[in-house]
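Peer 1: Sharing a model that was predicted from the sequence below.
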Amino acid sequence: MKISFKKYASEPYLNELTKLWHWYQSSEPYLEVYSSGTSGPAKLIRHPRAAVLASAQMSVQFFSLTANSKIGLSLPLDKIGGIMLAIRAFLAEAQIVPINPQINPLAQLGPEESLDFISLVPNQLMASRKEWNKAKQILVGGGPISAKLEQEALEAKLDIQFWQSYASTETISHVAIRKLGKDYYQALKSVSFAVNAQNCLVINAPSLGIENLETKDQVELLDEHQFRWKGRQDNVVLSGGLKLYPEEIEQKLNLEIPFFLTGLPDDQLGEMLAIAITNRDYKEGIKNEISLQLSGVERPKAIIILSEFSYTSTDKIMRTASLANQQGIIDLRN
């Protein structure tokens with residue numbers, strides 16, 4: 001294992017990386033990892049070793065990672081995203097540049113240093129905007145990114161390939177990739193898709209031991225290898241006979257504060273679309289910001305004021321848990 005730039009990582013982080021290296025070198029039959037806990041309690045999942053290595057190999061091939069590649073590692077190593085990035089680097093025999101997980105990992109690199117590949121979560125991508133040119137390929141995972149941030153990446157006109165992953169702990173790692181600027185995800189090699197009666201994605205990946213894995217992601221299936229992601233079935237708002245997908249609408253809304261969209265019971269519509277923010281972030285002008293950016297059925301009809309958001313250990317907002325912190329509702333129709 002080739003590791004460089006140890007000054008960017010603490011001993012505890014390097015120790016975690018060493019533990020993964022020992023697993024990779026061993027004959028342990030399973031990799032144990034906990035799910036993120038975004039849509040329910042985190043659960044322990046045991047992935048067969050052969051499936052883990054097959055998943056890593058698929059990614060190594062897709063991103064053309066080799067022994068000459070320099071891979072930045074700045075994701076928690078107790079979660080599937082960081083674990084699988086490390087295993088990909090081991091498999092490719094690449095040079096690993098470990099950086100403590102933080103909001104702007106690329107800023108820790110010297111001005112003359114660059115990476116061939118790094119994985120970031122959306123808030124890291126946003127915070128690293130001035131440092132994007134330090135990487136040749138950037139993979140974003142862990143949640144959707146805003147339309148504004150995606151447009152900024154495309155307009156930067158840098159010699160960088162930006163990708164977004166479709167993945168879950170259950171699928172070991174990503175099974176589909178979207179190139180920023182395109183509106184659909186492309187399956188990785190040997191992966192195919194279908195939909196169930198609820199138009200939720202169904203995944204088949206024989207090399208990963210996955211057969212007819214039903215997700216709760218509502219999609220528009222283009223063919224068995226491509227789909228457009230709409231949002232989580234759990235979050236769909238049925239308003240006046242229309243299906244509204246909060247995650248899809250959230251990407252159109254650019255606010256400088258944390259927020260999410262959800263549904264509230266309504267006598268006339270059945271459900272009405274609402275936006276949830278914390279009490280400390282509420283200001284009168286936010287109504288105008290929302291009205292300028294969204295229109296028609298996509299414009300929220302209420303603001304849910306929360307005392308705070310609840311987050312997973314990987315900084316994803318837990319919507320149901322957050323709504324338990326409700327302090328009040330402001331009707332925007334008045």
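Peer 2: Done, it's in. Numbers count the residues shown, from 1 in each chain.

Peer 1: Confirm that I96 sits in a strand.
Peer 2: Yes - assessed by DSSP: H, G, I helix; E, B strand; the rest coil, I96 belongs to a strand.

Peer 1: List the contacts of it.
Peer 2: By C-beta atoms under 8 Å, 6 or more residues apart in numbering, I96 lies in contact with 1-4, 17, 71, 73, 86, 89. For the C-beta atoms, the positions are set from N, CA and C on the backbone; glycine is no exception.

Peer 1: Would you show me how to pick out the buried ones of the residues you listed in ChimeraX?
Peer 2: To isolate the buried members of the contacts of I96 in ChimeraX, using 16 or more other C-beta atoms under 10 Å:
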select :3,17,71,73,86,89
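
Peer 1: Name whatever forms a beta bridge with the closest residue to T278 other than its chain neighbours.
Peer 2: Counting by C-beta to C-beta, 6 or more residues apart in numbering, T278 lies nearest to L306, which is 5.2 Å off, once chain neighbours are set aside. Note on L306: beta-bridge partners by DSSP bridges are T278, Q326.

Peer 1: Quick check: L306 touching I275?
Peer 2: No - the pair L306 and I275 does not pass the contact test of C-beta atoms under 8 Å, sitting 10.6 Å apart.

Peer 1: Check which helix or strand A50 maps to.
Peer 2: For A50, the host element (DSSP states H and E) is helix 49-62.

Peer 1: which secondary structure elements does that helix contact?
Peer 2: strand 30-34, helix 80-92 (3 or more C-beta pairs under 8 Å, 6 or more residues apart in numbering; DSSP states H and E).

Peer 1: Which secondary structure elements does the longest one sit against?
Peer 2: Helix 80-92 sits against helix 11-25, strand 30-34, helix 49-62, strand 70-73, strand 117-120, with contacts defined as 3+ C-beta pairs under 8 Å, 6+ apart.

Peer 1: got it, and the shortest one?
Peer 2: Secondary structure elements in contact with strand 30-34, counted by 3+ C-beta pairs under 8 Å, 6+ apart, are strand 44-48, helix 49-62, helix 80-92.

Peer 1: circling back to that earlier point, just name the most buried of the helices and strands packed on helix 49-62.
Peer 2: Highest mean neighbour count among those (mean count of other C-beta atoms under 10 Å): helix 80-92, with a mean of 24.

Peer 1: Contacts only, for Y184.
Peer 2: 178, 222, 226-228.

Peer 1: now those as JSON lines including distance to I317?
Peer 2: Formatted as JSON lines, the contacts of Y184 follow (distance: C-beta to C-beta, whole Å):
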{"residue": "R178", "distance to I317": "21"}
{"residue": "L222", "distance to I317": "29"}
{"residue": "Q226", "distance to I317": "28"}
{"residue": "F227", "distance to I317": "24"}
{"residue": "R228", "distance to I317": "23"}
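
Peer 1: Among those, which one has the most neighbours?
Peer 2: F227 (24 neighbours; other C-beta atoms under 10 Å).

Peer 1: who's in contact with the helix or strand containing it?
Peer 2: Using DSSP H and E, F227 sits in strand 226-232. Applying C-beta under 8 Å, 6+ apart, the contact partners of strand 226-232 are 39, 144, 166, 176, 183-187, 193, 201, 216-222, 245-248.

Peer 1: For the stretch 101-250 of the chain, just list every one of the strands.
Peer 2: 117-120, 137-140, 161-167, 174-179, 185-187, 192-195, 200-205, 210-223, 226-232, 237-239, 242-244 (DSSP state E, counting those that start in this stretch).

Peer 1: okay, now E289: neighbour count?
Peer 2: Close neighbours of E289, defined as other C-beta under 10 Å, add up to 15.

Peer 1: One more: D267?
Peer 2: 6.

Peer 1: which ones are touching G143?
Peer 2: By C-beta under 8 Å, 6+ apart, G143 lies in contact with 121-122, 316.

Peer 1: picking that back up, which among the helices and strands packed on helix 80-92 is found nearest to A127?
Peer 2: The minimum distance between A127 and those falls on strand 117-120, with 9.0 Å, by C-beta to C-beta.

Peer 1: Report all helices and strands that that closest one contacts.
Peer 2: In terms of contacts (3+ C-beta pairs under 8 Å, 6+ apart), strand 117-120 is packed against strand 70-73, helix 80-92, strand 137-140.

Peer 1: sorry, back to before: adding mean pLDDT and distance to S207, write the helices and strands packed on strand 30-34 out as TSV.
Peer 2: Below are these laid out as TSV (pLDDT from 0 to 100; distance: least, C-beta to C-beta, whole Å):
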stretch	mean pLDDT	distance to S207
strand 44-48	91	11
helix 49-62	96	4
helix 80-92	96	14
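
Peer 1: For Y13, find the nearest of those.
Peer 2: That would be, of these and by C-beta to C-beta, helix 80-92, which comes in at 9.8 Å.
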